[in-house]
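Novice: Need the 3D shape of this:
(one chain, ligands or ions: 1)
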Amino acid sequence: MRKFISITLFVLSGLFVASCTDNSGVRPEPIQEEWSIVLHGGAGGKSEMPAEDEEIFKIFLNEALVEGKTILENGGSALDAVQATVIYLEDCPLFNAGKGAVMTSDKRHELDACIMDGSNLMAGAVAGLTDVKNPIKAARLVMEKTPHVLLIGEGASHFAKEQGLEIVPNSYFTTEGRVKEIEKLLSERKQGSPMGTVGCVAIDKNGNIAAATSTGGMAGKKWGRVGDVPIVGASTIAHNGVVGVSSTGHGELWIRQSVAHDIYALMEYKGMTLKEAVHEVLWNKIDKMEGGTGGGVICIDATGDIVMDFTTKIMFRAWAKSSGDTGAAVNRTNPEEKKI
Ligand code: ASP
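Specialist: Prediction:
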């Protein structure tokens, strides 16, 4: 049983945080990677994660990474790689997507997901799904089998059924940890901070970039609330030749700042590097906004360079490049990162 041997680890999810890749602040000469992949499993947390717990999470992050990395190494598409990675994370109860998703204020689950293909700028998304086991599969089918970009609620569910996707009772998504979380939030009359959304960005051997994100949203959200994830350009974007982005964070902030699209636009129209564009949007825009708890982004540019950055304490993440740079982390690996 390779997967999820320790569902009890879910208790650890209360410790969520975000981090970023190791960056010295000195930009090395860009290497053209044959392929690259980066994933996140959410950002948040009030403190750094103890090292022993981080090591356990890294096992799952690395397993998810292998799903997509294997596809890229074998010459498969970025689109298939991001989808396979997100499916693993949706099935893993440790994250806030698919099984293990957070609960709404009426103790149910409503799931959002989005996928984008940078080779043709096609995108597909679903919002408010209550019974589709893998929302990212539904998002991909919206992209490929309909003339639409976004399907919601019952219509999305009906479409997923027609397409033969696996349908589950809403209780399938529930874990003990999520029940405890919602009960605590309701007793304190609070909404949860962002935590555990999953996403993946990849560039394949043909230079095609794809991005995918999947979430249960914010714990304690109102029935019918739709976050940033299914809004193309808020959380997720993919443009060949420029960048792919997947995000996690306080969705309302991401929608209001069009975070993913802004990163893309700063690179495309202003000629910023990926690192500069991410820094501008995360630290000069999001971090300055009132009323939110921040979050993070994972991105890949056309050279296969990866940037992972977050304004929170931790971000679950893992990455691999054809040139050999690979790893997984939860805590911030370089405290100076924010100053780049
Ligand atoms: N961005 C997600 C939302 O607001 C939450 C998260 O990333 O944890 O729906």
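Novice: can you give me the strands in the protein?
Specialist: 36-44, 111-117, 122-129, 150-152, 198-203, 209-215, 237-239, 243-249, 295-301, 306-310, 314-321, 326-331 (DSSP state E).
Novice: Report all helices and strands that the first one contacts.
Specialist: Read that as strand 36-44. Strand 36-44 is packed against helix 51-73, helix 78-91, strand 198-203, strand 243-249, strand 295-301, strand 306-310, strand 314-321, with contacts defined by 3 or more CB pairs under 8 Å, 6 or more residues apart in numbering; DSSP states H and E. C-beta coordinates here come from the backbone N, C-alpha and C atoms, glycine included.
Novice: Tell me what angle the shortest one forms with strand 295-301.
Specialist: Right, strand 306-310. Strand 306-310 runs at 170 degrees relative to strand 295-301, counting by axes from the mean of the first three to the mean of the last three CA atoms, to 10 degrees.
Novice: Identify the spatial nearest neighbour of the residue most central in space within the chain, chain neighbours not counted.
Specialist: Here the mean C-alpha position of the chain is nearest to the C-alpha of residue 199 (CA atoms, centre = their mean), at a distance of 2.5 Å. Spatial nearest neighbour of residue 199, excluding adjacent residues (CB to CB, 6 or more residues apart in numbering): residue 246 at 3.1 Å.
Novice: now do residue 248
Specialist: The shortest distance from residue 248 to any residue other than its chain neighbours is 4.2 Å, reached at residue 197 (CB to CB, 6+ apart).
Novice: Then residue 130?
Specialist: Distances taken as CB to CB, 6+ apart put residue 170 closest to residue 130, at 5.1 Å, once the chain neighbours are dropped.
Novice: go on, residue 47?
Specialist: If the residues on either side of it in the chain are set aside, residue 47 comes closest to residue 313, at 5.9 Å by CB to CB, 6+ apart.
Novice: Would you agree residue 31 is in contact with residue 301?
Specialist: No: when contacts are counted by CB atoms under 8 Å, residue 31 is not listed as touching residue 301 (11.5 Å).
Novice: hey, which helix or strand in this structure has the poorest pLDDT?
Specialist: When each helix and strand of the chain is scored by mean pLDDT, DSSP states H and E, helix 176-187 comes last, with a mean of 93.
Novice: Give the buried residues for that helix.
Specialist: Using 16 or more other CB atoms under 10 Å as the burial criterion, the residues of helix 176-187 that qualify are 177, 178, 181, 182, 185.
Novice: wait, does it make contact with the ligand?
Specialist: No: contact of helix 176-187 with the ligand is not found when judged by CB under 6 Å from any ligand atom; the minimum separation is 12.7 Å.
Novice: Centre of the chain to that helix, how far?
Specialist: Here helix 176-187 is found 23 Å from its chain centre; the criterion is CA atoms, centre = their mean, to the nearest Å.
Novice: again, but for stretch 283-300
Specialist: So, by CA atoms, centre = their mean, the centroid of stretch 283-300 is 14 Å from its chain's centroid.
Novice: Can you give me the end-to-end span of it?
Specialist: One end of stretch 283-300 sits 18 Å from the other (CA to CA, to the nearest Å).
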